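>>> Fold the following and give me the result.
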Amino acid sequence: MPVLNTQHLSSLPPTVAPLGYDRNALQTGIVHLGLGAFHRAHQALYTQSVLQAGDARWGIAGVSLRSEQVPQTLNDQDRLYTVFERHGAQGQAQLVGALTHAWHAPSQRAQVLAALANPAVKVVTLTVTEKAYGLHPATGALDEAHPQVRHDLTHAHEPQGVLGYLSEALRLRDPAAPLTLVCCDNMANNGDVLHRLLGDFTQRLDPQRWARWSDHLQCPNTMVDRIVPAATESSLAWAQSQLGVRDAAAVVCEPFTQWVIEDRFAAERPEWERAGALLVPAVGPFQAMKLRLLNGSHSAIAYLGQLLGVDTVAQVMASPPLAAFVRELMTQDLLSVTAVPAGYDAQRYCDDLLHRFENESLAHRTEQIAMDGTQKVAVRWLPALRDALARQQALPRLEWALAAWLHYLKHPVNAQGQALAVQDPGAAALQALLADAQTPAEALAAALSHAPVFGSAPWPTEWQQRVAAHGERLKTQGVLASLAALGAS
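Numbers count the residues shown, from 1 in each chain. Sure, this is the predicted structure:
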């Protein structure tokens with residue numbers, strides 16, 4: 001079977017939407033850090049709409065900071081790939097050609113830095129996951145123990161991490177060519193966080209460099225939303241059956257997509273609103289709503305699924321008692337401590353989220369969502385719990401979810417007796433504290449002493465007793481009986 005590339009475009013079925021622009025005319029105006037499936041099905045599609053409208057300045061140089069396979073696969077296909085939007089049996093596909101380059105940063109550092117320093121590049125977008133920014137999850141400060149931060153502070157001209165690359169770019173780049181950094185990762189106030197961390201990092205290297213850039217750099221806050229599972233052999237085989245050619249970079253995602261961006265840019269920008277992006281004065285309410293209702297629920301689904309041996313989000317939602325727990329967690333617990341944008345129908349938003357979670361055509365694996373829990377729980381759950389405590393309010397389902405996460409870390413075995421792979425660089429230190437605990441109450445107390453995740457502010461005794469009681473039922477009765485007891489209470 002032929003491979004998707006420029007020579008085989010005529011082999012694509014007529015159901016695949018064509019590019020609609022001349023790729024040979026594209027200029028590189030955007031560098032994107034984090035060349036994964038999410039970017040290819042989100043920011044790249046918004047940008048492709050701008051290219052289709054005739055503005056060829058905004059081709060994307062995509063950069064993989066770790067994986068060599070992704071850029072190699074894309075380059076083998078002339079940086080072409082397809083995106084399939086599916087819900088059940090319904091779906092549509094489009095060809096994407098917005099990438100002008102696909103680089104592997106560790107082996108092509110010079111090309112990446114040259115692009116970041118190029119005045120024609122006006123925007124850098126990022127989807128590198130929360131853990132890549134060197135953010136201390138509890139304090140919000142720069143974590144100098146973070147491996148890439150530690151390396152890049154002592155090897156500034158040979159960066160490995162996000163802050164290292166961006167700071168070195170500021171050294172190489174003329175401030176007369178202003179730059180906008182658009183963080184698209186799931187952190188509250190993500191642009192402000194990036195600006196602060198980059199400033200702290202750069203000032204440790206060269207305070208004058210940061211001073212030169214203070215009036216020439218913008219980091220707008222953003223909110224992104226689209227469920228984009230990692231590719232699997234099954235999803236790639238399905239894409240191949242639809243295309244008639246082999247596309248090893250094909251992405252299967254849901255039809256829903258959203259991008260909210262604060263309208264503060266240092267220089268020219270793509271007209272992403274052509275594809276439906278919202279440019280707003282402040283993104284905070286949208287960001288908080290999505291972070292708590294979608295991401296917070298997703299994490300609960302992930303640990304619930306992992307403990308029960310359920311592979312995908314849709315399979316969790318296909319179980320009536322599990323779906324009922326997720327709905328109540330979202331609409332009764334999380335929504336009660338979520339600020340909703342003025343005029344926004346929050347209940348409809350929740351209904352739409354639950355419908356999206358039920359999309360069986362997306363193999364969105366609970367194992368994937370469960371990754372990096374020490375980073376995710378710190379921003380998705382703990383602020384909501386703190387807000388509830390400030391109101392003297394209990395969030396029983398979220399408290400249960402926290403107990404379930406600690407149970408998952410201490411006893412990483414599912415209901416079928418299979419070992420679970422905890423994929424979280426920050427988990428080892430927390431698991432070491434949990435290891436000696438004899439009871440769930442002791443395990444919770446040990447976990448709460450771990451300031452990198454839980455901070456240093458005390459957690460009330462009554463609250464600890466509730467969470468520990470959930471942990472005891474999880475330990476002695478199992479997940480389903482513990483959930484049933486939660487519902488009965």
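
>>> contacting residues around the closest residue in space to residue 269 that isn't next to it in sequence?
Distance criterion Cβ to Cβ, 6 or more residues apart in numbering; nearest residue to residue 269, sequence neighbours excluded, is residue 123 at 6.0 Å. For every residue, glycine as well, the C-beta is placed using N, CA and C. The contact partners of residue 123, taken as Cβ atoms under 8 Å, 6 or more residues apart in numbering, are 29-31, 58, 179-182, 265, 269-270.

>>> Residue 123 and residue 210: what is the separation?
Distance, residue 123 to residue 210, using Cβ to Cβ, to the nearest Å: 20 Å.

>>> Would you check how far apart the residue nearest to residue 269 and residue 2 are?
The value you get for residue 123 to residue 2, if Cβ to Cβ is used, is 35 Å.

>>> and if you look at residue 286?
Counting by Cβ to Cβ, the gap from residue 286 to residue 2 is 43 Å.

>>> Give me the more crowded residue out of the two.
residue 286 (23 against 11; other Cβ atoms under 10 Å).

>>> can you tell me which helix or strand the more buried one belongs to?
Element membership for residue 286, per DSSP states H and E: helix 284-289.

>>> and residue 50, how many neighbours does it have?
Neighbours around residue 50, by other Cβ under 10 Å: 23.

>>> okay if I get the contacts of residue 123 as CSV plus secondary structure and distance to residue 74?
Listed next are the contacts of residue 123 as CSV, based on DSSP: H, G, I helix; E, B strand; the rest coil; distance: Cβ to Cβ, whole Å:
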residue, secondary structure, distance to residue 74
29, strand, 19
30, strand, 16
31, strand, 15
58, helix, 18
179, strand, 25
180, strand, 25
181, strand, 23
182, strand, 21
265, coil, 27
269, coil, 24
270, coil, 21
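
>>> Please identify which pair of those residues lies farthest apart.
58 and 181 (15.7 Å; Cβ to Cβ).

>>> What residues sit buried inside the host helix or strand of residue 367?
Residue 367 belongs to helix 366-370 when assigned by DSSP H and E. Neighbour-count burial for helix 366-370 flags 366-367, 369-370 (criterion: 16 or more other Cβ atoms under 10 Å).

>>> farthest-separated two in those?
Once Cβ to Cβ is applied, those give 367 and 369 as the farthest pair, at 7.5 Å.

>>> right, and residue 61 touches residue 32 too?
Yes: with contact defined as Cβ atoms under 8 Å, residue 61 reaches residue 32; the gap is 7.1 Å.

>>> Who has more neighbours out of those two?
In this view residue 61 and residue 32 are compared by other Cβ under 10 Å, and residue 32 has more residues nearby, 28 against 24.

>>> residues contacting the more buried one?
39, 43-44, 60-63, 124-127.

>>> on that earlier part again, mutual contacts of residue 367 and residue 369, please.
residue 302.

>>> where in this structure is pLDDT low?
Within the chain, the segments meeting pLDDT under 70 span 89-90, 488-489.

>>> what about the strands in it?
Counting by DSSP state E, the chain has strands at residues 16-17, 28-33, 59-64, 81-87, 90-96, 99-104, 123-126, 179-183, 217-218, 222-225, 251-253, 258-262, 278-280.

>>> of all the ones you listed, which lies closest to residue 111?
Among these, if distance is taken as Cβ to Cβ, the winner is strand 99-104, at 5.5 Å.

>>> Not counting sequence-adjacent ones, nearest residue to residue 206?
That would be residue 171: by Cβ to Cβ, 6+ apart, it lies 7.1 Å from residue 206.

>>> In this structure the one you found contacts residue 212, no?
No: using Cβ under 8 Å, residue 171 is not in contact with residue 212, being 9.7 Å away.

>>> Turn the contacts of residue 123 into TSV, columns for distance to residue 191 and neighbour count.
Putting the contacts of residue 123 into TSV (distance: Cβ to Cβ, whole Å; neighbours: other Cβ atoms under 10 Å) gives the following:
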residue	distance to residue 191	neighbour count
29	19	23
30	16	28
31	16	25
58	19	25
179	13	25
180	9	22
181	7	22
182	7	27
265	11	18
269	14	21
270	17	25
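
>>> Of those, which is the nearest to residue 356?
For the contacts of residue 123, the nearest to residue 356 is residue 182 (24.0 Å; Cβ to Cβ).

>>> From what I see, residue 117 and residue 166 are in contact.
No: with contact defined as Cβ under 8 Å, residue 117 does not reach residue 166; the gap is 11.2 Å.

>>> Break down the stretch 251-400 of the chain into its helices, ranges please.
Taking DSSP state H, counting those that start in this stretch as the test, the helices found in the stretch 251-400 of the chain are 284-289, 297-308, 313-317, 320-328, 346-357, 366-370, 373-380, 382-390, 396-410.

>>> Identify whichever of the ones you listed lies nearest to residue 483.
Of those, the one closest to residue 483 (Cβ to Cβ) turns out to be helix 320-328, at 5.7 Å.

>>> That closest one: which residues count as buried?
Buried-residue list, helix 320-328, by 16+ other Cβ under 10 Å: 322-323, 325-327.

>>> measure the residue lying closest to residue 347 once chain neighbours are set aside to residue 358 for me?
Of all residues not flanking residue 347 in the chain, residue 331 sits nearest, at 7.2 Å (Cβ to Cβ, 6+ apart). From residue 331 across to residue 358, the span is 15 Å (Cβ to Cβ).

>>> And residue 119, by the same measure?
From residue 119 over to residue 358 (counting by Cβ to Cβ), the distance is 47 Å.

>>> So between those two, which is more surrounded?
Legend: neighbour count by other Cβ under 10 Å for residue 119 and residue 358, higher for residue 358 (16 against 12).

>>> and the closest residue to the more buried one other than its chain neighbours, what is it in contact with?
Distances taken as Cβ to Cβ, 6+ apart place residue 317 nearest to residue 358, at 4.6 Å, with adjacent residues excluded. For residue 317, the contact set (Cβ under 8 Å, 6+ apart) comprises 301, 323, 326, 354, 357-358.

>>> how about 6 Å then?
323, 357-358 (Cβ atoms under 6 Å, 6 or more residues apart in numbering).

>>> same question, residue 162
128, 132-133.

>>> Please indicate which of the residues you listed has the highest neighbour count?
Counting by other Cβ under 10 Å, residue 133 has the largest number of neighbours within those, with 26 neighbours.

>>> so how far is residue 334 from that residue?
Distance from residue 133 to residue 334, by Cβ to Cβ: 24 Å.

>>> Residue 216 now?
Taken as Cβ to Cβ, the span from residue 216 to residue 334 is 39 Å.

>>> that older thread, distance to residue 458 for the contacts of residue 162 - can I get that in a markdown table?
Shown next, in a markdown table, are the contacts of residue 162 (distance: Cβ to Cβ, whole Å):
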| residue | distance to residue 458 |
| --- | --- |
| 128 | 33 |
| 132 | 31 |
| 133 | 27 |
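
>>> and of those residues, the nearest to residue 159?
Nearest member of the contacts of residue 162 to residue 159, counting by Cβ to Cβ, is residue 132, at 12.3 Å.

>>> Roughly how far does the closest residue to the closest one other than its chain neighbours sit from residue 38?
Excluding the flanking residues, the one nearest residue 132 by Cβ to Cβ, 6+ apart is residue 162, at 5.1 Å. Counting by Cβ to Cβ, the gap from residue 162 to residue 38 is 16 Å.
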